[in-house]
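**Student:** when you get a sec, could you give me coordinates for this:
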Amino acid sequence: MGTSSRDRISVDLHGLKAMLVERSQALAVSPSELVRMVLVKELDQPAGVESLPDRSHLPRPLGTRTRLCLRMHIDHAAATLEAARRAGLSPGDYVAGLVAGVPAILRGGGQTDHIVALTASNAELSTLSRNIYHLTHLLRQAEVGPALYYRDMLDTLSVDVRRHLALASGVLADLRPRHQPPSQRRP
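**Tutor:** Model prediction:
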């Protein structure tokens, strides 16, 4: 690949594009020329001199998400996209889960299987709740005969609830990041 006389760099302006275009139009130069002028001015400063302005007043992107571009071999990119698809996640959420050490993702699984298992367990718990409600109604009506139908369910009630809680806590643990991003860590 040959070298070019033009050096290029891509910069995410984080909401500054409108201000850049407006200023460049006011100065009757292109946005690229304005950026070059500012860079020349900044690069001419001696090392250690802080000349960049306070940016606290500048607009911030909406939400907490940002774009990250990764360069990797095409096979690795395809594998990453496929793994994210299998995990039921966007590529960004998949990579973030890997970085955060989410056990379900690290083991090659995803949140989809965990959520399916938890949903099924919740459905069983919901059925159990309806049955207990119906049993309570029968007992209030002094209908002991039909209430005896629920006796076996009551015998295994504590086992069923503990099984659900173990599954739910396991799913939540597997989906919880082991590492928090620096911005979310407590001081």
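
**Student:** where does this structure have low pLDDT?
**Tutor:** Applying pLDDT under 70 to the chain flags residues 1-6, 46-63, 109-111, 179-187.

**Student:** state which helix of it is the longest.
**Tutor:** helix 111-140 (DSSP state H).

**Student:** so where do the helices sit in this structure?
**Tutor:** Using DSSP H, helices in the chain cover 17-27, 31-43, 74-87, 91-100, 103-106, 111-140, 144-147, 151-155, 157-175.

**Student:** now do the fourth one against helix 111-140, angle only.
**Tutor:** Which is helix 91-100. Interaxial angle, helix 91-100 versus helix 111-140 (axes from the mean of the first three to the mean of the last three CA atoms, to 10 degrees): 90 degrees.

**Student:** now helix 91-100: buried residues?
**Tutor:** Pro91, Asp93, Tyr94, Val95, Ala96, Gly97, Ala100 (16 or more other CB atoms under 10 Å). Bear in mind the C-beta positions are built from the backbone N, C-alpha and C, glycine included.

**Student:** can I get these in CSV including distance to Val40?
**Tutor:** Formatted as CSV, these follow (distance: CB to CB, whole Å):
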residue, distance to Val40
Pro91, 37
Asp93, 40
Tyr94, 41
Val95, 36
Ala96, 37
Gly97, 42
Ala100, 41
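
**Student:** I'd like to know which of those is nearest to Gly15.
**Tutor:** Using CB to CB, Ala96 comes nearest to Gly15 of these, at 22.0 Å.

**Student:** from Ala173, how far off is the closest one?
**Tutor:** Separation of Ala96 from Ala173 (CB to CB, to the nearest Å) stands at 18 Å.

**Student:** next one: Leu98
**Tutor:** For Leu98 relative to Ala173 (CB to CB), the value is 17 Å.

**Student:** try Ala117
**Tutor:** As judged by CB to CB, Ala117 and Ala173 stand 13 Å apart.

**Student:** that'll do, ta.
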